[in-house]
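Visitor: turn this into a model:
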Amino acid sequence: MNSTFKTTFLSRKPKFWMVRIFLFSLIFLSWTGQGQQLETFIDEAIKNNPNIQAVIKQHAIATEKVSESNSLPDTQFSGGYTLSKAEMPMMQQGEFSMMQMLPWFGTISARSKYATAMANADFVEIEIAKRKIAMAVSQSYYRLYEIAKKQQVLDSNIQLLQVYERLALTSVEVGQASAVSVLRLQMRQNDLIEQKLRLQQDYSAALTAINKIMNREEITDIAIRDSLTIPEKETEIDFSQLKLHPEITKYNELNEVVSQADILNKKESAPDFGIGVQYMLLNEAPNMLMPMATISIPIFKKKFKSVARQNKLKYEELEIQKQASENLLMTQLQTAIKSRNAARISLETQDKNIKQAQHANEILLKNYETGTINFNEVLDVQELQLKFQISRIEAIAAYFKQTSIINYFTDKN
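Guide: Okay, here's the model as predicted:
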């Protein structure tokens, strides 16, 4: 290439520092404005989510049953009157009576304790529901972050390809590149635009999901934080605390329900007694008022023995379910920790890859300054760079999604 041609070629090229600015922006992306804190959305969801409201109502119903259990059986009233006109000495003209049945001593207290135990078991479900809602909001929030960051990366890459396209057009004009290079760059832009449009649909779906978790009537946009930074060191997890998780402690409450049910069964197997009064209207004799008492003895106790055996089996079943639940929670927690560690490793790898891709781009730009550039290599490096950037965003999102799962088990929401 003679000096005159080289000078003309270089003078018609776009400034290469513009390309470097785009490359720099692809790595260090930021958004203007400070997004709302995730905790704000979690609090709103816990306050308004219909699933939690339903569990709260269920607990309120169980609490109301405590008052119901303190009531006595209905008072029985009866009466009769003779319509015959015949009057016989000492004949009974009418009769009125009242009877109140009473359970055995301590039965009402046993019923109240049983109802209270049921209410306590339902109360644990509220805590479980709150934790699940907090995890669901966090997952949706990080999903929005992931999609939005991917859109931002795609926008920057599209702009970078447009700069490369201008470089290619200049090279075609001076005979240093073919029109195929321009077409490949344009097709690559079309592909990225298609990916961006798809992400817009994903973003709309994720936005709807988090709004519905918070039970908002209208779908409103969510302000996402500018950036998410992975901590340098992980907080040590005390696995023994998993036994205090509400999904485990609820079995303690259910065991108490079975225990109270067994006590109540023994009380109900005891006799019932009643007290009352009878008033009789007599002909040619003073009316009579007679106190009454009755007792109901459960002679056949097969029913109560069966209930006792059922309670014993239920207790054993709950112990087995508790152990199975502990095993499951431990497995899920270990899986989340493993996945979070994998996300950290992936992030570190992508950071290295992005730096190397940046170095490769620098080499290509230096070649362009000398008047030679291979646009096939440019496109290959750009594709790799985009892949690394997307993987980096996915690694960050995966890290925080797994953290939200770990928080569900360790109560750090």
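
Visitor: rest of the way, CA atoms for contacts and neighbours
Guide: Noted.

Visitor: not counting its neighbours along the chain, what's nearest Tyr142?
Guide: Ala397 (5.7 Å; C-alpha to C-alpha, 6 or more residues apart in numbering).

Visitor: now do Leu379
Guide: Leu185 (7.1 Å).

Visitor: run a quick neighbour tally on the one you found.
Guide: 23 (other C-alpha atoms under 10 Å).

Visitor: what about the helices in the stretch 251-400 of the chain?
Guide: 302-369, 375-410 (DSSP state H, counting those that start in this stretch).

Visitor: about what we covered before: quick check: pLDDT value at the residue nearest to Tyr142.
Guide: At Ala397, the pLDDT value in this model is 96.

Visitor: next one: Asn361
Guide: So Asn361 comes in at 83 (pLDDT).

Visitor: what's the answer for Asp43, then?
Guide: At Asp43, pLDDT is 94.

Visitor: name the next helix or strand downstream of the helix or strand containing it, please.
Guide: Using DSSP states H and E, Asp43 falls within helix 38-48. Next along the chain after helix 38-48, taking DSSP H and E as the criterion, comes helix 50-69.

Visitor: who does that next one touch, helix- and strand-wise?
Guide: When contacts are defined as 3 or more C-alpha pairs under 8 Å, 6 or more residues apart in numbering; DSSP states H and E, helix 50-69 packs onto helix 107-173.

Visitor: now find how far off-centre the following helix or strand past the helix it packs on is within its chain.
Guide: Later in the chain than helix 107-173, the nearest helix or strand by DSSP H and E is helix 179-213. On the basis of C-alpha atoms, centre = their mean, to the nearest Å, helix 179-213 is displaced by 28 Å from the centre of the chain it belongs to.

Visitor: what residues sit buried inside helix 179-213?
Guide: 181-182, 185-186, 188-189, 192-193, 196, 199, 202-203, 206-213 (16 or more other C-alpha atoms under 10 Å).

Visitor: other SSEs contacting that helix?
Guide: Checking 3+ C-alpha pairs under 8 Å, 6+ apart, helix 179-213 ends up next to helix 107-173, helix 375-410.

Visitor: what number of residues lie near Leu72?
Guide: Residues near Leu72, counting by other C-alpha under 10 Å: 12.

Visitor: likewise the one 5 residues further on?
Guide: For Phe77, the tally of surrounding residues (other C-alpha under 10 Å) stands at 13.

Visitor: same thing with Ser67?
Guide: By the criterion of other C-alpha under 10 Å, Ser67 has 13 neighbours.
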